[in-house]
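**Student:** sequence isn't available, so here's the structure alone:
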């Protein structure tokens, strides 16, 4: 495949969400982001007047995000579909399902390919035109939950696969080139040498036999049977010489760069070591997932909570520590330090490990040498008086 041939093939591929997902790098990056998002619980909190907060479950949004977003989807599948729409099309649009009283009871996501965002010519407010086959319906802004990706106008998100279409096209072409490279024979690309001239009959028979018995993956390694002094001279070309592997690797890196996904998460371990994978995983949570969580939190709190509910202190926040939980040894060290230094109780630790609370498990410890000023002195005086009393008792016994 020449450079010109590659350019022609690249320009001939129309990149949409289905085509993009057929490229393994895009599929893998989307899967990592969508599953990480869907796997993180969205908690409903209520802020108290004293500044503390408590977990709440008395609003409909809690049941929607935790138990049943609609009659057809589990919460994991719902969040996964919404994140996939953002990764591919730059926008997630869900219809707000309400009861007869106008109260929110569910959310239903739409494929963004079926959504058109416009402004009402009369009111200049946003409207969402949903096309399902031959049916169309128009929803107003207060009838949808719309979460946009990075945007030029702050309203309609940019589609990653649209802006990165050239990189995706090139990656798909490299994959097609690799398939064609191996389909064209048992890696036996070369020339036939004959001491004389083949007759037309012999030439046609040779082509027929080659196509039937010696091309395709199933015939890989099949020995050739040559007649009448015919010799086969194989050319020394392989995928590495054609820079296929290097080019494919670069394109995968390019897709990871677009989605800000560490390469080791899609099984590209060439630049990873045992010592830096943990740091890369932490950076994935901090620099990739945290902006996504903040984007969703802001839009849910603004669009799905009423002003009265926000004023009462309610807000949604994703429980990111679910992604930061390490192995059992790291967690044990973390819990031991928290217990020793007084910022974790036994029940705090048991809740983090999904274990039931125990009686008297809410007591916090405090190291004696880190008490408040004044209290340390009182402790030392108590210790001294105790020792003095002990010595008096001992002396009296003598």
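**Tutor:** Received the coordinates, thanks. Remember, predicted model here, so these are calculated numbers, not experimental data.
**Student:** C-alpha only now, for contacts and for neighbours.
**Tutor:** OK.
**Student:** just name the shakiest helix or strand of this structure by mean pLDDT.
**Tutor:** Lowest mean confidence among the helices and strands of the chain (mean pLDDT, DSSP states H and E): helix 3-11, at a mean of 44.
**Student:** elements contacting the next helix or strand after it?
**Tutor:** Elements were assigned by DSSP states H and E; along the chain past helix 3-11, the next helix or strand is helix 17-21. Packed against helix 17-21 by the contact rule (3 or more CA pairs under 8 Å, 6 or more residues apart in numbering; DSSP states H and E) you find helix 24-38.
**Student:** residues making contact with the following helix or strand past the helix it packs on?
**Tutor:** Past helix 24-38, further along toward the C-terminus, the next helix or strand under DSSP H and E is strand 42-47. Around strand 42-47, the neighbours that count as contacts under CA atoms under 8 Å, 6 or more residues apart in numbering are 53-57, 62, 65-66, 312-319.
**Student:** any low-confidence regions in the stretch 151-300 of the chain?
**Tutor:** Screening the stretch 151-300 of the chain residue by residue with the criterion pLDDT under 70, one finds the ranges 177-190, 194, 213-229, 233-247, 270-275.
**Student:** that one: strands as residue ranges?
**Tutor:** If DSSP state E, counting those that start in this stretch is used as the criterion, the strands of the stretch 151-300 of the chain fall at 190-193, 231-234.
**Student:** and stretch 122-129, how far apart are its ends?
**Tutor:** Using CA to CA, to the nearest Å, the end-to-end distance of stretch 122-129 comes out at 16 Å.
**Student:** buried ones in it?
**Tutor:** The neighbour-count criterion (16 or more other CA atoms under 10 Å) identifies 126, 127, 128, 129 as the buried residues of stretch 122-129.
**Student:** quick check: the gap between residue 50 and residue 311.
**Tutor:** Distance, residue 50 to residue 311, by CA to CA: 15 Å.
**Student:** which one's more surrounded, the two?
**Tutor:** For the pair residue 50 and residue 311, the greater number of neighbours falls to residue 311 (11 against 6), based on other CA atoms under 10 Å.
**Student:** which residues does that one contact?
**Tutor:** Contact criterion CA under 8 Å, 6+ apart gives no residues in contact with residue 311.
**Student:** next: the one 5 residues further on.
**Tutor:** Contact analysis of residue 316 by CA under 8 Å, 6+ apart lists 42, 43, 44, 45, 297, 300, 301.
**Student:** count of neighbours near residue 197?
**Tutor:** Applying the criterion other CA under 10 Å, we find 9 residues in the vicinity of residue 197.
**Student:** residue 339 too?
**Tutor:** 19.
**Student:** distance of the residue lying closest to it once chain neighbours are set aside from residue 252?
**Tutor:** In space, residue 339 comes closest to residue 345 once its chain neighbours are excluded; the distance is 5.9 Å by CA to CA, 6 or more residues apart in numbering. Plainly put, residue 345 is 46 Å away from residue 252 if you go by CA to CA.
**Student:** likewise for residue 132?
**Tutor:** Distance from residue 132 to residue 252, by CA to CA: 34 Å.
**Student:** so between those two, which is more surrounded?
**Tutor:** Neighbours were tallied for residue 132 and for residue 252 using other CA under 10 Å; the higher tally belongs to residue 252 (22 against 12).
**Student:** ok, now which ones touch that one?
**Tutor:** Applying CA under 8 Å, 6+ apart, one finds that residue 252 lies in contact with 25, 171.
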